[in-house]
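*Asks:* Provided below for reference: sequence and predicted model.
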Amino acid sequence: MSELVHKCLDSAFHKLLEGDLNEAAELFEGCRKNNPDNIHILLELANVYYMLGEMTRTIDCYKQVIKLKPDSLYVMYKLGVALYRSTHFTEAVKVFNDIVISGKFLPMTYLWLGLAYYHLGKEDKSIEAYRKLIEHCPETVMANYYMGVALKSSGKHDEAIKYFEKLLNQADNHVSALYHLGRSYMKNFNYEKAKKIFKQVMELDPENKNAQEMYDFLNNE
């Protein structure tokens with residue numbers, strides 16, 4: 001890279017450290033014009049756009065990196081997350097499945113795969129992905145939480161209860177897990193247990209109107 005590009009990069013990193021993301025993005029874009037195939041610049045630009053919430057530009061940068069370095073599973077993973085965040089769930093599923101097929105991946109790939117399947121309405125595929133994650137990381141709070149949510153959505157309330165209770169043995173103040181646990185008990189017609197759970201939710205989160213509504217409904221039954 002030329003001396004001019006080095007100076008441009010220094011300025012961009014300086015703005016990044018100052019927290020001026022928009023200015024940093026402009027400077028990185030300037031560096032990119034003179035070095036369109038520089039992976040380092042593309043990745044820095046992708047990171048800045050990600051922090052700015054500009055997913056379309058983030059995705060564009062990651063896709064360009066993958067064209068230049070197709071075997072970069074790390075970049076594929078980042079691309080999959082950006083696609084998920086931008087609600088391109090079908091494309092995200094393909095990316096995460098490609099990573100899994102490679103055999104060299106972080107277990108958390110299964111979490112994102114499960115989330116993408118869930119948003120596509122494919123609960124069974126979602127559950128399958130979460131099971132794989134739990135095989136690798138059985139105590140992962142997020143895995144047990146989203147497994148419970150997917151099971152509840154697919155009507156498997158007994159199994160959902162098992163996962164929510166497992167999670168709550170580790171994080172007993174997880175408000176969202178408690179709420180979903182209460183809903184699962186309701187679906188299983190265990191109203192007294194559900195009422196007790198909703199009361200716990202209200203104690204932890206007094207502004208939780210959903211739990212209040214469920215508690216009041218059960219009290220009036």
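*Replies:* In hand now; what should we look at? None of these values were measured; they are calculated from a predicted model.
*Asks:* what helix or strand does residue 125 sit in?
*Replies:* helix 123-136 (DSSP states H and E).
*Asks:* starting at the chain centroid, how far to that helix?
*Replies:* 14 Å (Cα atoms, centre = their mean, to the nearest Å).
*Asks:* with stretch 26-34 instead?
*Replies:* With Cα atoms, centre = their mean, you get 30 Å for stretch 26-34.
*Asks:* quick one: mean pLDDT for it?
*Replies:* Stretch 26-34 comes out with an average pLDDT of 84.
*Asks:* secondary structure element for residue 143?
*Replies:* Judged by DSSP H and E, residue 143 forms part of helix 141-153.
*Asks:* by how many degrees do that helix and helix 123-136 diverge?
*Replies:* 150 degrees (axes from the mean of the first three to the mean of the last three Cα atoms, to 10 degrees).
*Asks:* tell me the first helix or strand C-terminal of helix 141-153.
*Replies:* In N-to-C order, the element after helix 141-153 by DSSP H and E is helix 157-170.
*Asks:* which strands and helices lie in contact with that next one?
*Replies:* Packing partners of helix 157-170 (3 or more Cβ pairs under 8 Å, 6 or more residues apart in numbering; DSSP states H and E): helix 141-153, helix 175-187. The C-beta positions use only the backbone N, C-alpha and C, and glycine is treated the same way.
*Asks:* how much does that helix deviate in direction from helix 123-136?
*Replies:* Using the same axes, to 10 degrees: helix 157-170 against helix 123-136 is 40 degrees.
*Asks:* could I get the buried residue list for the helix holding residue 125?
*Replies:* 123, 125, 126, 127, 129, 130, 132, 133, 134 (16 or more other Cβ atoms under 10 Å).
*Asks:* dump the residue contacts of the second one.
*Replies:* Shown here is residue 125, whose contacts under the criterion Cβ atoms under 8 Å, 6 or more residues apart in numbering are 114, 117.
*Asks:* and the closest residue to residue 85 other than its chain neighbours, how far from residue 155?
*Replies:* The shortest distance from residue 85 to any non-neighbouring residue, by Cβ to Cβ, 6 or more residues apart in numbering, is to residue 55 (5.4 Å). According to Cβ to Cβ, to the nearest Å, residue 55 and residue 155 sit 33 Å apart.
*Asks:* of those two, who's got more company?
*Replies:* Higher neighbour count among residue 55 and residue 155: residue 55, with 18 against 9, using other Cβ atoms under 10 Å.
*Asks:* before we move on, back to that, how about a markdown table for the helices and strands packed on helix 157-170, with distance to residue 94 added?
*Replies:* Shown next, in a markdown table, are the helices and strands packed on helix 157-170 (distance: least, Cβ to Cβ, whole Å):
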| stretch | distance to residue 94 |
| --- | --- |
| helix 141-153 | 20 |
| helix 175-187 | 29 |
